[in-house]
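Student: whatever this is, show me its structure:
(one chain, ligands or ions: 1)
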Amino acid sequence: MELELLLVKMPFQQKYRPCTPNYGKLRRTRQNLGRAETEVALVLVVRLVCLIYGDKTSEQNTPDLGSHMCNDTNPASNEKRDDKIERRRSRKEDGQQAEFHKCAFKYHMNIVRDGRSSKIDICIKAFTSIFDVTENRVRRVRDALATTGLPPKNKQGQHNNRPHALSQEEKDLVIGHIQSFRGRASHYSRKRTRRIIAFGYPRKDTCSTCDGLKCKIEGGNTQLNELPPDSERAALLLRQKDGQKSTFELHQRKGEVFYDRKKAARMGAQRSDGMEAVCFDYQKNLPCPNITTQDVYYSRQLSFHSFNIHVLSSDKVFFYCYDETVGKKGSDDVCSMLFDCFSRLFSHDVKHISLFCDSCAGQNKNWTVLRFMYYLVHMAKRFDTITMTLPVRGHSYMECDRDMANVDQSSPAEVPDDWRKVLEAARVKPEPFNVINMTSEKF
Ligand SMILES: [Zn+2]
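Tutor: The predicted structure follows:
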């Protein structure tokens, strides 16, 4: 208590500052002497008095505060104090000197200053904070550099401690089991997937003819199992079943022919500049506005039509877009958009074209479209040949369907232009969809 009072009265003198660079802390400690609430503060006070007045008696009773409080102006006094006060710094037991740092590390970063990049030194705290790494990570790098001179190598997974690892025999069994499944190439995938097997939902858009024939064959099988094999009824059912099987196989082969021809046309178009293969189809009507407000559900919405022309050789896609106030979705409209595409967007070197579309009688499979083809070849002399391939009903999956699968149909859209933006942003590679605004003059 006597020391405390003594220091409060004592003016702070510049020449008695200790050698530590943390002057501010000491000054604040001294300013708070009147309060001296904590033991640490009191210890600092006592030690400060010792330094200033050289009071040996009080110094002996104070604990050591570390080397930063020593006074360089009085080395003799320091030596004497070192003898009496036990240092906290660790020393080797055999009396040898402690190991000093073998390496020193500097941390720096590049900054742009006055338009030029320059390297500045920073402390480790700033380094770890700026690059968001832990000090442990920096320490590991530092240790490796100090010992080997190289940064540490990533050894993730490079160990033999795998008690649960599968043996090669077990792996072969799993691979064999997966390969026993009958895989099917994904309809919407461009690449052939052989190793990846997914258990998806049942297909929603299966062919009604295929489904009907499958049901008949399965029903016949059930009836045959219940009947005696040599009965007249069983023989009749067997004949019916054979006929149904043949019809089913023929139907499936007809469906495959469409895809084979399309593939051949695509490859031909890729090889020759004079040939082109195109598939086209109307996409699903998109409603305007397409928003979540409840009133919209009960209102009649404006339909937004998009006619998709997919160029098979280059995977270019042209979306002809218009709303129902501009045009309809009939054969005349199909001819108008095909004419615009053939006359404006295709090179005049293209003289042979293969068209693939579904068998919709109102849009594609009608006399209007056939007469339009005749006009292009014989009257306008635009093409030398036009081949049009129409698939059997239910087997008309085309690249157009894949394009539409890329479009997020739940996107919010209030006006037709919003849908145009959605279409433009729907695909990135190999190139975005080309959206063409169809006006009433073009129909
Ligand atoms: Zn079918």
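Student: quote the end-to-end distance of stretch 320-334.
Tutor: From its first residue to its last, stretch 320-334 covers 10 Å (C-alpha to C-alpha, to the nearest Å).
Student: ok, the residue in the stretch 101-250 of the chain that the ion sits nearest to - contacts?
Tutor: Going by C-beta to the ion, the ion is nearest to Cys207 of the stretch 101-250 of the chain, at 2.9 Å. Yep, even glycine has a C-beta here, placed from its N, CA and C like the rest. When contacts are counted by C-beta atoms under 8 Å, 6 or more residues apart in numbering, Cys207 touches 255, 393-395.
Student: and the buried ones among those, selectable in PyMOL?
Tutor: Selecting only the buried entries of the contacts of Cys207 in PyMOL, with 16 or more other C-beta atoms under 10 Å as the criterion:
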select buried, resi 255+394+395
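Student: between the contacts of Cys207, which is nearest Gly115?
Tutor: His395 (64.7 Å; C-beta to C-beta).
Student: just want the phi and psi numbers for Ser118.
Tutor: The phi/psi pair for Ser118 (degrees, to the nearest 10) reads phi -140, psi 160.
Student: list the beta-bridge partners for it.
Tutor: The bridge-partner assignment for Ser118, based on DSSP bridges, gives Ile111.
Student: who are the packing partners of the helix or strand containing Leu338?
Tutor: Per DSSP states H and E, Leu338 falls inside helix 331-340. Helix 331-340 sits against strand 302-311, helix 367-374, with contacts defined as 3 or more C-beta pairs under 8 Å, 6 or more residues apart in numbering; DSSP states H and E.
Student: quick one: buried residues of the last one?
Tutor: Burial within helix 367-374, assessed by neighbour count using 16+ other C-beta under 10 Å, is assigned to 369, 372-373.
Student: could you list the buried residues of the helix or strand following that helix?
Tutor: Using DSSP H and E, the helix or strand that follows helix 367-374 in sequence is strand 385-389. Under the neighbour-count criterion of 16+ other C-beta under 10 Å, strand 385-389 has 386, 389 buried.
Student: starting at the chain centroid, how far to the strand or helix carrying Asp417?
Tutor: Assessed by DSSP H and E, Asp417 sits inside helix 416-425. Remark: helix 416-425 is offset 22 Å from the chain centroid, using C-alpha atoms, centre = their mean, to the nearest Å.
Student: and what of stretch 233-246?
Tutor: 53 Å.
Student: for the contacts of Cys207, which two are the farthest from each other?
Tutor: Gly255 and Arg393 (9.3 Å).
Student: residues from this protein in reach of the ion?
Tutor: The chain has residues 207, 209-210, 394 near the ion, with proximity defined as C-beta under 5 Å from the ion.
Student: switch these over to JSON lines; also include secondary structure.
Tutor: Shown next, in JSON lines, are those (DSSP: H, G, I helix; E, B strand; the rest coil):
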{"residue": "Cys207", "secondary structure": "coil"}
{"residue": "Thr209", "secondary structure": "helix"}
{"residue": "Cys210", "secondary structure": "helix"}
{"residue": "Gly394", "secondary structure": "coil"}
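Student: would you turn those into CSV with distance to Asp418 and pLDDT?
Tutor: Formatted as CSV, these follow (distance: C-beta to C-beta, whole Å; pLDDT from 0 to 100):
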residue, distance to Asp418, pLDDT
Cys207, 35, 85
Thr209, 39, 89
Cys210, 38, 90
Gly394, 33, 86
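Student: farthest-apart pair in those, please.
Tutor: Using C-beta to C-beta, the residues of the chain next to the ion span at most 6.6 Å, a distance reached by Cys210 and Gly394.
Student: what's the longest helix along the chain packed up against?
Tutor: The residue-count maximum for a helix in the chain (DSSP state H) belongs to helix 232-271. Packing partners of helix 232-271 (3+ C-beta pairs under 8 Å, 6+ apart): helix 208-226, strand 275-282, strand 352-356, strand 385-389.
Student: need the per-residue pLDDT for Pro412.
Tutor: We have a pLDDT of 90 for Pro412.
Student: re earlier: quick check: angle from the helix holding Asp417 to strand 302-311?
Tutor: Computed with axes from the mean of the first three to the mean of the last three C-alpha atoms, to 10 degrees, the direction of helix 416-425 lies at 30 degrees from that of strand 302-311.
Student: touching helix 416-425 from outside, list them.
Tutor: Where contact means C-beta under 8 Å, 6+ apart, the residues beyond helix 416-425 that reach it are 286, 288, 290, 302, 304, 306, 319, 321-323, 407-408, 411-413, 432-433, 435, 437.
Student: hmm, try it at 7 Å
Tutor: Residues outside helix 416-425 that contact it (C-beta atoms under 7 Å, 6 or more residues apart in numbering) are 286, 288, 304, 306, 319, 321, 323, 407-408, 411, 413, 432-433, 435.
Student: which residues touch the helix or strand following that helix?
Tutor: From helix 416-425 onward toward the C-terminus, using DSSP H and E, the following helix or strand is strand 434-437. Defining contact as C-beta under 7 Å, 6+ apart, one finds that strand 434-437 is touched by 316-321, 420, 423-424.
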